[in-house]
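Student: one predicted model, sequence on top.
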Amino acid sequence: MKTVYSNILNSISEDKKGLAVLIDPDKMKPEGLSDFMEKLNKSKANLIFVGGSIVDDHATEILVTEIKRYTNLPIVLFPGDVAQLTNRADAVLFLSLISGNNPEYLIGKHIQAVSKLKGSNLEVIPTGYVLIENGKQTAVEKVTKTKPISRQNVQDIVDTAKAGELLGMKLIYLEAGSGALHPVPAEIISFVKQELKIPLIVGGGIRSQQQLETAYTNGADIVVIGTAFEDDVSFFDELKK
């Protein structure tokens, strides 16, 4: 049976780029989902990420259940906390915040998640999560009480990403943060990609077709866009199939 991760690897082998739409259960209510999903299904998106830094209990499961009514695309959890795990999704990014120094988000939350994952059919994808400074404080910083790596410290970012790969992560996620003022710079994406043998995800602050293409050109295998669609659903029209 093909898995979400194997599909990602297959797409990369065929030189196909991925687009993931991030839906935050705290911002997207089930009753407002219909029009959003209609546009999403007509776009180039091939993955749906669901999650947020601060989400009410059960909100994720309710939203995932509703999303499944409108699409057959894989739904991947992008959880900010253990409470956001739900067996209704297809997979979960098992995020370790390797750019931070808070043990709760390096391994602590993962230990708490094990009992939920034991009885789950979720595909678990170990993911090294690297937070990069974008010009303003993000929700991830507030919740995790960690600082992002300065965008000026390119070598530190590259080494952190590579360390994640050497630790056995299956994905590396370069994150500027939700609503970032500046996306991850092209130079950083390029240097990180040159060092990795595993897929690279890039997200945060991407609000135009040009920024999307820049991320792809410099090595992003999957680009994640969330806030741009929340602010203006017509952005989907620029990304039609």
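Tutor: Noted; the coordinates are in hand.

Student: show me which positions of the biggest helix by length in the chain end up buried.
Tutor: In the chain, ranked by residue count with DSSP state H as the criterion, the top helix is helix 154-166. Neighbour counts using 16 or more other C-beta atoms under 10 Å place 154, 157-158, 160-162, 164-165 of helix 154-166 among the buried residues. Yep, even glycine has a C-beta here, placed from its N, CA and C like the rest.

Student: what pLDDT, on average, does stretch 11-25 get?
Tutor: The pLDDT scores in stretch 11-25 average 95.

Student: and stretch 167-182, by the same measure?
Tutor: When pLDDT is averaged over stretch 167-182, the result is 92.

Student: chain center to the helix or strand that comes right after the longest helix of the chain: distance?
Tutor: Following helix 154-166 in sequence order, the next helix or strand is strand 171-175 (DSSP states H and E). Between the centre of strand 171-175 and the centre of its host chain there is 7 Å, according to C-alpha atoms, centre = their mean, to the nearest Å.

Student: what's the answer for stretch 193-211, then?
Tutor: Taking mean C-alpha positions (C-alpha atoms, centre = their mean), stretch 193-211 and its chain are 10 Å apart.

Student: same question for stretch 127-142.
Tutor: Mean C-alpha position of stretch 127-142 versus that of the full chain (C-alpha atoms, centre = their mean) differs by 12 Å.

Student: again with stretch 139-155
Tutor: In terms of C-alpha atoms, centre = their mean, the centre of stretch 139-155 is found 16 Å from the chain centre.

Student: could you tell me the end-to-end distance of that stretch?
Tutor: For stretch 139-155, the first-to-last residue distance is 25 Å (C-alpha to C-alpha, to the nearest Å).

Student: go on, stretch 171-188?
Tutor: Using C-alpha to C-alpha, the end-to-end distance of stretch 171-188 comes out at 16 Å.

Student: which helices and strands does the helix or strand bottoming out on mean pLDDT in the chain pack with?
Tutor: Taking all helices and strands of the chain together, the one with the lowest average confidence (mean pLDDT, DSSP states H and E) is helix 227-231, at a mean of 81. Contact partners of helix 227-231 among helices and strands, from 3 or more C-beta pairs under 8 Å, 6 or more residues apart in numbering; DSSP states H and E: none.

Student: which residues does D26 contact?
Tutor: Taking C-beta atoms under 8 Å, 6 or more residues apart in numbering as the definition of contact, the neighbours of D26 are 52, 54-56, 59.

Student: now do 10 Å
Tutor: Contacts were defined as C-beta atoms under 10 Å, 6 or more residues apart in numbering; by that measure D26 touches 51-56, 59-60, 63, 80, 139.

Student: let's verify it: helix, strand, or coil?
Tutor: Reducing the assignment at D26 to three states with DSSP: H, G, I helix; E, B strand; the rest coil gives coil.

Student: swap in A89?
Tutor: Using three-state DSSP, the three-state assignment for A89 comes out as coil.
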